[in-house]
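Q: Prediction below, plus the sequence it came from.
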Amino acid sequence: MKEKLISSRINNALWVIVTLIPLIIIPIKGIPDIFNVAKAPVLVLGTLFIAYHLIQLKEIHLEQEAKPLIIYLALSLFASIMAYKPLLALSGVSMTAGRFEGFISIFFYAILFYAAKYHMRLNFKNTLFFIVVQSIIAAYAIMQFFMFDPLVEYLNYTRGSYATIGNQNFLASWALMLLVIASGFYLKFRKYRYLIFPALFFGALLASNTRGCWLALMVISLASLYFLRFSNLRASYFKLLASFLIVFFTMNFFSESKIQHRTKTIKSELDINNEWAGSGRALIWKMSFDIVEAHPFLGTGPENLKEALKQTKNKRAIEYGVLTGHTVDKAHNDFLHIAAVSGTPALLFYIFFIFSLLVKQRKNIFNCSVQSTIALTVFAYLIQSLFNISVIAVAPLFWVLLGLLANKNQQVST
């Protein structure tokens, strides 16, 4: 009985974390960062609460897929100790640097994965509540797209669609995951009223103006065609696509073809020979690869890429700074970034960890189950991460989904 109570508390804490972190901000003038300053404490306190209850259970499950994760964590810890700035690498933040993604946050993500695998339960009520709350963020992003935002006017933030996430690229990675989740929810229950949720998240994804995530959606959409082999899904599937077309044409029309113009730039931005392709990502990838070559085994330490570029006097980074007025602290490719800050061996174990989860669930993924939606969501995140970075507003949900993916018996109970 005690074990069930503890497991229930862990389950509730996981739902609170994934629901609150994207939503919560501190809209007060004078605070340098109204987004992460609010999100980081929720991650820290929530994960410590979960860790305390996991310790109470006195159970440690070390299945096969946990081994590469443990090695990845160990290598990241060693990289943090040997970093240019060890305290920054461990904590993920200082007065002048960091995005709260040091080793401690990575370790917390691993705890969320473990807790979700063994203790998180999907039921209709919790899942619907989660989607409803997240849809508020999506609606806010769409309002920003149409230049209505009292928060931005009040705080003098740069105009754009980033809602409570804090950046349009991060909004896109979050919206992409929620779009897949909400679509899976609709296809499972097939009620018209649930169509509003994927439509809202699709609108938020369009509002983000982030082409990398649009490309990821195209890939996921093609992959999802496999499920048309299940005849009971076909009508609902095409209704879902119709809702997306309605949202696209409506937003494009009222924005004077802004979305259409943005899509036309995708082809030119994919030219890797152009260093400014992908809004300068090609140049950032090259300078990040310079760091991988200089630190192939241990990397620079988490959150130390900026310091490494400075210490090595990287010519590409200097050129980028002169032309844009900005410095680079992330590789804008999550896999490349892991190699740069934690070393190539850490990247290989990270990839093997995720690959092992997908292989373990291969039968469930193709059986039109809850795991199919979870796997597609994970796949969507991984594709967009080729052009994006990990942040605490989005990463906790991804790691919780990895935990749910690792659970073979996961179902949505009513």
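A: Structure received.
Q: so where do the strands sit in this structure?
A: 122-123, 412-413 (DSSP state E).
Q: Would you single out the least confident of the ones you listed?
A: Note on the strands of the chain: lowest mean pLDDT is at strand 412-413, with a mean of 61.
Q: What pLDDT is listed against V400?
A: pLDDT for V400: 98.
Q: could you list every residue that touches it?
A: For V400, the contacting residues are L14, I17, V18, L112, F113, A116, M120, by CB atoms under 8 Å, 6 or more residues apart in numbering. In short, each C-beta sits where N, CA and C put it, glycine included.
Q: Now intersect those with the helices, please.
A: Secondary structure from DSSP state H places L14, I17, V18, L112, F113, A116 of the contacts of V400 in helices.
Q: Output those in a markdown table, with distance to S255, pLDDT and neighbour count appended to each entry.
A: Converted to a markdown table, these look like this (distance: CB to CB, whole Å; pLDDT from 0 to 100; neighbours: other CB atoms under 10 Å):
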| residue | distance to S255 | pLDDT | neighbour count |
| --- | --- | --- | --- |
| L14 | 37 | 98 | 24 |
| I17 | 34 | 98 | 24 |
| V18 | 31 | 98 | 22 |
| L112 | 37 | 98 | 28 |
| F113 | 39 | 97 | 25 |
| A116 | 38 | 97 | 27 |
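Q: Save the residues you listed as CSV, and put in distance to G46 too.
A: Output for the ones in helices among the contacts of V400, formatted as CSV (distance: CB to CB, whole Å):
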residue, distance to G46
L14, 8
I17, 4
V18, 9
L112, 9
F113, 14
A116, 12
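Q: for the contacts of V400, which one is nearest G203?
A: The shortest approach to G203 among those belongs to V18, at 21.1 Å (CB to CB).
Q: what comes up buried for the lengthiest helix in the chain?
A: Criterion DSSP H: the longest helix present in the chain is helix 231-254. Residues L233, S236, Y237, L240, S243, F244, V247, F248, M251, N252 are the ones in helix 231-254 that count as buried (16 or more other CB atoms under 10 Å).
Q: now stretch 349-367
A: So, applying 16+ other CB under 10 Å, buried residues of stretch 349-367: F349, Y350, F352, F353, I354, S356, L357, L358, K360, Q361, N364, I365.
Q: and the closest residue to N36 other than its chain neighbours, how many neighbours?
A: Once flanking residues are discounted, N36 sits nearest to F100: 5.4 Å by CB to CB, 6 or more residues apart in numbering. By other CB atoms under 10 Å, 21 other residues sit near F100.
Q: Was I right to think F100 contacts A40?
A: Yes. Counting by CB atoms under 8 Å, F100 touches A40, with 4.7 Å between them.
Q: Now list whatever residues contact both of those two.
A: V93, I392.
Q: circling back: pull the most distant pair out of the buried residues of stretch 349-367.
A: F349 and N364 (24.1 Å).
Q: Restrict stretch 5-16 to CA atoms and write it as PDB.
A: This file holds the C-alpha atoms of stretch 5-16, laid out as PDB (Å, rounded to 0.1, in the frame of the first residue of the first chain):
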ATOM      1  CA  LEU A   5       1.100   5.800  -2.500                       C
ATOM      2  CA  ILE A   6       4.700   6.700  -3.300                       C
ATOM      3  CA  SER A   7       4.300   5.700  -6.900                       C
ATOM      4  CA  SER A   8       1.200   7.800  -7.100                       C
ATOM      5  CA  ARG A   9       3.000  10.900  -5.800                       C
ATOM      6  CA  ILE A  10       5.800  10.400  -8.300                       C
ATOM      7  CA  ASN A  11       3.200  10.100 -11.100                       C
ATOM      8  CA  ASN A  12       1.500  13.300  -9.900                       C
ATOM      9  CA  ALA A  13       4.800  15.200  -9.700                       C
ATOM     10  CA  LEU A  14       5.700  14.100 -13.300                       C
ATOM     11  CA  TRP A  15       2.400  15.500 -14.600                       C
ATOM     12  CA  VAL A  16       2.900  18.800 -12.700                       C
END
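Q: Let me see the contact set for the nearest residue to F230 once chain neighbours are set aside.
A: Using CB to CB, 6+ apart and skipping the chain neighbours, the partner closest in space to F230 is C368 (5.0 Å). Counting by CB under 8 Å, 6+ apart, C368 touches F227, F230, L233.
Q: Quick check: the gap between C368 and S76.
A: Look at C368 and S76: by CB to CB, to the nearest Å, they are 36 Å apart.
Q: There's contact between I354 and S385 in this structure, I believe.
A: No. Taking contacts as CB under 8 Å, I354 lies outside contact range of S385: 10.7 Å.
Q: pLDDT weak spots in the stretch 151-300 of the chain?
A: 154, 156, 267-279 (pLDDT under 70).
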